[in-house]
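Enquirer: Provided below for reference: sequence and predicted model.
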Amino acid sequence: MILTDRVARAVAAGDVVQVFRRWAKPRVRVGTRLHTSAGVVEVVGLEPIAAHDISDADAHTAGERDAEAVTASFRGSPDDPVYRIAVRYAGPDERVESSSRADLSARDVDEITAALARLDRASRSGPWTAEVLAAIASHPRVRAAEVAVLLGRDKESLKLDVRKLKNLGLTWSLDIGYEISPRGAAFLRASNG
């Protein structure tokens, strides 16, 4: 489950305490911790709800104008169930501090290199990390779909791979597209230098 930057900040501020999603089956569990642009958000409740039972008051605690705005945002099949997902702010994202650090030691560079090599080896389609990092570095703030086209890939698998790079502190997800983090830029300089 991905939260927009606006919703993630509202969860961190305590203004949003729940979100609604329409899914064929739940994609989160109670206890799931989501790394967002505003920090870590934890799922503390999950229950099915009929879309017509979502009230305007529910919508307000989900950061939306009214119930109609909530239901208009649903994706997927109209036959899929709707879920009320209670969320809470669980603290800052430790990866943000890591990704902001541009002072990499030789050991840091070696550890990142080894982690990227593991990701490349685990891929069914072959090495991808260098190509994706280079594409993000040369096309910051470009939509995932456009980067996927540049790389001849499908958008969803690219987004999963970029998330793996983000987990290493090498990229940042933006409202639109991605960007190389200071840590990622320092790694690229060190590995290309």
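Expert: Now that the structure is in, tell me what you want to look at. Residues are numbered from 1 along each chain as shown.
Enquirer: What is the three-state secondary structure of residue 84?
Expert: Following DSSP: H, G, I helix; E, B strand; the rest coil, residue 84 is assigned to strand.
Enquirer: who touches it in this structure?
Expert: Applying C-beta atoms under 8 Å, 6 or more residues apart in numbering to residue 84 gives the contacts 18, 20, 45, 46, 47, 48, 49, 54, 58. Every C-beta, even on glycine, is put in place using the N, C-alpha and C of the backbone.
Enquirer: what is residue 19 paired to in the beta sheet?
Expert: residue 85 (DSSP bridges).
Enquirer: residues near it, how many?
Expert: Neighbour count of residue 19, defined by other C-beta atoms under 10 Å: 25.
Enquirer: these two touch, right, it and residue 74?
Expert: No: with contact defined as C-beta atoms under 8 Å, residue 19 does not count as touching residue 74 (11.3 Å).
Enquirer: Could I get the average pLDDT for stretch 115-131?
Expert: Stretch 115-131 shows a mean pLDDT of 95.
Enquirer: Residue 78 and residue 62, how far apart?
Expert: Per C-beta to C-beta, to the nearest Å, residue 78 is found 19 Å from residue 62.
Enquirer: Kindly report the same for residue 150.
Expert: 35 Å.
Enquirer: who has more neighbours, the two?
Expert: residue 62 (23 against 14).
Enquirer: downstream neighbour of the helix or strand hosting residue 95 in the secondary structure list?
Expert: Using DSSP states H and E, residue 95 sits within helix 94-100. Next along the chain after helix 94-100, taking DSSP H and E as the criterion, comes helix 106-122.
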